[in-house]
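Peer 1: I'd like to go over a predicted model; first the sequence, then the structure.
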Amino acid sequence: MSVLLQVDQLIVEIGAVRIVDGVSFHIAAGETYALLGESGCGKSMTALSLMRLLPDGGRIAAGSVRLDGENTLTLPESAMRRVRGGGLAMVFQEPMLALNPVIKVGEQIGEALGLHQGLRGQPMTDAARALLDAVGVPDAARRLDSYPFELSGGLRQRVMIAMALAGQPKLLIADEPTTALDVTIQAQVLDVLRHLRAERHMGMLLITHDLGVVAENADRVGVMYAGELVEEGARADFFATPQHPYSRMLFDALPRPGDGGRLTTIPGQVPRLDEVLHGCRFAPRCPFAIARCRLESPQWQAINGQRVRCHLAGSLPPRTAHAAGAQAVPAQSEQVLLQVDGLKVHFPIRRGLIQRTVGHVRAVDDVSLSIQPGRTLALVGESGCGKTTVGKALLRLIEPTAGTVALQGETLGAHNVPTLRRQMQMVFQDPFSSLNPRMRVADILLEGMDALRIGAASARRDAVVQLLQQVGLPDDAGGRYPHAFSGGQRQRIAIARALAVAPRLLICDEPTSALDVSVQAQILNLLKDLQNRLGLAYLFITHNLAVVDYLAHAMAVMYLGRIVEHGAATDVLRAPRHPYTQALVSAVPRIDAQSGQSIIRLSGDQPSPLNPPAGCHFHPRCPHASEVCRQTYPDQTDLGGGHWVRCHWVAGQV
């Protein structure tokens, strides 16, 4: 294959800080090159450098970027506008930040078509509709007149891809294109990218920290750390024998099916960009580092067809296999800590001058579940299915429409909310948004204890130090503000705040969704340690089924406000019975390329809870739907061992 993009010794600086340091790689036409690494390693800055879209103060200090042999770094800005979109195009990580919220989708795609293909009027509209069809947007003609906020996350990402393709680029840069998407939507978006790459023979630079996505999509892999490439090789070779210690530790940090033991974590963090670095940049975190590593920067070595920058390359001990079932599952208690029966949360839709109620959004529609002390129940499903609303309704952060919530036999009501809320605390998805940026960490932890008058004032100050130790933060962390911490550390602060009032139940809402695998491993180890030490119960809301497999004892699958399958986590994940659960499990990216499991493609998007379908809510997307599915909602079918499902098709097989 001919080389499409050649990057040589690229150096990028912001002020006096070197963000990208001597990066070189190439991408051939029709090839996907994956750039892998933790947040802060310089992956996105490398991509922005290729597009010459650096932030204020940023500059390309040295190196060359050749697209089809032409050095784009020497082009004037007027010529670079032709390259952006026509030669290189980029799909950004967050489509809502990249799309204009007050301009219709059709106009935004049309702008790119007019600039790069000179189309106007009806030909431009037809071309925009064809692009939306090409990326799998249903009812493309209607979507042209939609605003970005009217689309789901998956559809917004597809619109971004359509805009990127409007200039018929030779190379597509996809920067974390699926980070915040559900597994089903992620599978659809990646399938679109693979299909378009093959159809148009484009090159692709895929930036991600998800090893499963890399395994299923990349041809070659480059591992980046602290602004440098440290390993590069073909996908099969890289996944068979990663050579750099950093690459190995990324693999070891992944939750493994059936492995309940502690996850391997990478100590410390990626070095700050303004630090003066000597020797190997990974040496301070490397368990194999020797004196030479701290003094001398390693050069590239070739080993088994791979390139690696490590003094010890080829002499590292073989990787140890993970022992499945390293930690015994605690016996299930007969006592019920949390009992939820018939929970409903319906939001009224009001219109007109006098705000008449014209309908209801049935966000949660008859949910029942129970959790025992010291156990974890995972609540999974696509975005918009009502998972987070359930968690907030349990705490009365949202007032339920109907149903009962009982904590250790006492029903939660208006008279006892303050008392029982102390027993249930929530860890939110984004710790930076949920922590007050103007309060020091010690004051954040004291706030709940002061409000509930827990112990004497002097005892509360002592409790802050114990809480910080409990979640693995230094003693001086109490005097600092949230912005002074990394993402993983902020999540630890959020967990410490929840623990400050000594709860029995933690509701964890996607606490690891935006974290690198190394930081995710630290948080999962912490949660498991706290559960074993304090006997905490968790309601763990997530769409990451690998995390569910590692942490959860039981699992409930939610679709459009209702639970459709429930059982022991191992039973549901190993032998899913509901067609929706089967699709979720099949869509999980796997690093084992020999798994051979085909992805079940779901047609369409999740219906609106404002107007759910009659009968089984899943029937418009179900490959097994029959007439009875369209008419009546299925009853609960018991499969034994606490495993049950609501599905007419499964009921007919039992």
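Peer 2: Nice, I can see it.

Peer 1: so where do the helices sit in the stretch 351-500 of the chain?
Peer 2: Assigned by DSSP state H, counting those that start in this stretch, the stretch 351-500 of the chain shows helices spanning 387-394, 417-421, 431-434, 441-451, 457-470, 487-499.

Peer 1: Tell me which residues are up against the last one.
Peer 2: Yep, that's helix 487-499 we're talking about. By Cβ atoms under 8 Å, 6 or more residues apart in numbering, the list of residues contacting helix 487-499 from outside reads 39, 425-428, 431-432, 434-435, 441, 444-445, 447-448, 467-468, 470-473, 477, 482, 485, 506, 511-512, 514-516, 519, 522-523, 526-527, 530, 534. All C-beta atoms are positioned from the backbone trio N, CA, C, and that covers glycine.

Peer 1: Which stretch among the helices of the stretch 351-500 of the chain approaches Thr542 most closely?
Peer 2: Nearest to Thr542, of all those, is helix 387-394, at 8.3 Å by Cβ to Cβ.

Peer 1: any idea how far the closest one is from the chain center?
Peer 2: For helix 387-394, the separation from the chain centroid amounts to 20 Å (computed by Cα atoms, centre = their mean, to the nearest Å).

Peer 1: Show me what that helix packs onto, helices and strands only.
Peer 2: For helix 387-394, the packing partners by 3 or more Cβ pairs under 8 Å, 6 or more residues apart in numbering; DSSP states H and E come out as strand 338-351, strand 356-371, strand 376-380, strand 424-427, strand 505-509, strand 537-542.

Peer 1: Now render these as TSV, adding mean neighbour count and mean pLDDT.
Peer 2: TSV is the format used below for those (neighbours: other Cβ atoms under 10 Å; pLDDT from 0 to 100):
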stretch	mean neighbour count	mean pLDDT
strand 338-351	16	92
strand 356-371	18	90
strand 376-380	26	97
strand 424-427	24	92
strand 505-509	24	94
strand 537-542	24	95
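
Peer 1: Name the residues that touch the helix or strand encompassing Ala187?
Peer 2: Ala187 is located in helix 183-200, with elements delineated by DSSP states H and E. For helix 183-200, contacts defined as Cβ under 8 Å, 6+ apart pick out 30, 32, 134-136, 152-154, 157-158, 161, 165, 168, 172, 174, 177-178, 181, 202-204, 206, 213, 216-217, 382-383, 543-545, 583-584, 587-589, 599, 601-602.

Peer 1: Determine which of the helices and strands packed on helix 387-394 approaches Ser49 most closely.
Peer 2: Proximity to Ser49 (Cβ to Cβ) singles out strand 537-542 among these, at 34.2 Å.

Peer 1: Can you spell out which helices and strands pack onto that closest one?
Peer 2: By 3+ Cβ pairs under 8 Å, 6+ apart, strand 537-542 packs against strand 356-371, strand 376-380, helix 387-394, strand 505-509, helix 517-534, helix 545-551.

Peer 1: Can you add distance to Tyr246 and give these back as JSON lines?
Peer 2: Shown next, in JSON lines, are these (distance: least, Cβ to Cβ, whole Å):
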{"stretch": "strand 356-371", "distance to Tyr246": "38"}
{"stretch": "strand 376-380", "distance to Tyr246": "30"}
{"stretch": "helix 387-394", "distance to Tyr246": "34"}
{"stretch": "strand 505-509", "distance to Tyr246": "28"}
{"stretch": "helix 517-534", "distance to Tyr246": "9"}
{"stretch": "helix 545-551", "distance to Tyr246": "21"}
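
Peer 1: Of these, which is nearest Pro317?
Peer 2: Comparing those by their distance to Pro317 (Cβ to Cβ), the top pick is helix 517-534, with 20.3 Å.

Peer 1: list the buried ones in that closest one?
Peer 2: Buried residues in helix 517-534, defined by neighbour count with 16 or more other Cβ atoms under 10 Å: 517-528, 530-531.

Peer 1: before we move on, what about stretch 401-411?
Peer 2: Neighbour-count burial for stretch 401-411, counted by 16+ other Cβ under 10 Å, picks out Thr401, Gly403, Val405, Ala406, Leu407.

Peer 1: how long is it from one end to the other?
Peer 2: 15 Å (Cα to Cα, to the nearest Å).

Peer 1: Relative to Tyr147, how far out is Leu181?
Peer 2: Leu181 sits 20 Å away from Tyr147, taking Cβ to Cβ, to the nearest Å as the criterion.

Peer 1: which one of these two has more residues nearby?
Peer 2: More crowded of Leu181 and Tyr147, by other Cβ atoms under 10 Å: Leu181, with 21 against 14.

Peer 1: State whether that one and Leu155 are indeed in contact, as I suppose.
Peer 2: No. Taking Cβ atoms under 8 Å as the definition, Leu181 is not a contact partner of Leu155, at 10.7 Å.

Peer 1: hmm, who's touching stretch 15-24?
Peer 2: So stretch 15-24 is in contact with 7-13, 42, 45-46, 49, 57-58, 61, 63, 224, 227-229, 273-274, going by Cβ under 8 Å, 6+ apart.

Peer 1: Show me which of those are buried.
Peer 2: Among the contacts of stretch 15-24, those scoring as buried are 7, 10-13, 42, 45-46, 49, 58, 63, 224, 227-229, 273 (criterion: 16+ other Cβ under 10 Å).

Peer 1: Could you report the neighbour count for Ser626?
Peer 2: A count of nearby residues for Ser626, using other Cβ under 10 Å, gives 14.

Peer 1: Just the pLDDT for the closest residue to it other than its chain neighbours.
Peer 2: What sits nearest to Ser626 in space, not counting adjacent residues and going by Cβ to Cβ, 6 or more residues apart in numbering, is His648, at 6.7 Å. Looking at His648, its pLDDT reads 96.

Peer 1: Quick one: mark the members of the contacts of stretch 15-24 that sit in helices.
Peer 2: Among the contacts of stretch 15-24, the ones falling in helices (DSSP state H) are Met45, Thr46, Ser49.

Peer 1: Can you name the residues that contact the last one?
Peer 2: Residues counted as contacts of Ser49 (Cβ under 8 Å, 6+ apart) are Leu10, Val12, Val20, Ile60, Val65.

Peer 1: what does Pro634 give?
Peer 2: So Pro634 contacts Cys616, Arg646, Cys647, His648, Ala651 (Cβ under 8 Å, 6+ apart).

Peer 1: Try it again at 6 Å.
Peer 2: By Cβ atoms under 6 Å, 6 or more residues apart in numbering, the residues touching Pro634 are Cys616, Arg646, Cys647, His648.

Peer 1: again, but for Leu452
Peer 2: Going by Cβ under 6 Å, 6+ apart, Leu452 touches Arg422, Val501.

Peer 1: Show me the shaky parts of the stretch 251-400 of the chain.
Peer 2: 258-260, 320-334 (pLDDT under 70).

Peer 1: thought Glu176 was touching Gln93?
Peer 2: Yes. The criterion here is Cβ atoms under 6 Å, and Glu176 meets it with Gln93 at 4.1 Å.

Peer 1: Let me see the domain layout of this protein.
Peer 2: Listed by automatic domain parsing, the domain ranges of the chain are 3-87+167-256+264-271+279-309, 338-423+503-651.

Peer 1: Reformat the ones you listed into a markdown table and put distance to Arg143 next to each item.
Peer 2: A markdown table is the format used below for the domains of the chain (distance: least, Cβ to Cβ, whole Å):
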| stretch | distance to Arg143 |
| --- | --- |
| domain 3-87+167-256+264-271+279-309 | 15 |
| domain 338-423+503-651 | 11 |
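
Peer 1: quick one: low-confidence parts of the chain?
Peer 2: Counting by pLDDT under 70, the chain contains low-confidence ranges at 1, 180, 258-260, 320-334, 514, 593-597.

Peer 1: tell me the contacts of Arg562?
Peer 2: When contacts are counted by Cβ under 6 Å, 6+ apart, Arg562 is found next to Asp365.

Peer 1: Report the beta-bridge partners for it.
Peer 2: Tyr559 (DSSP bridges).
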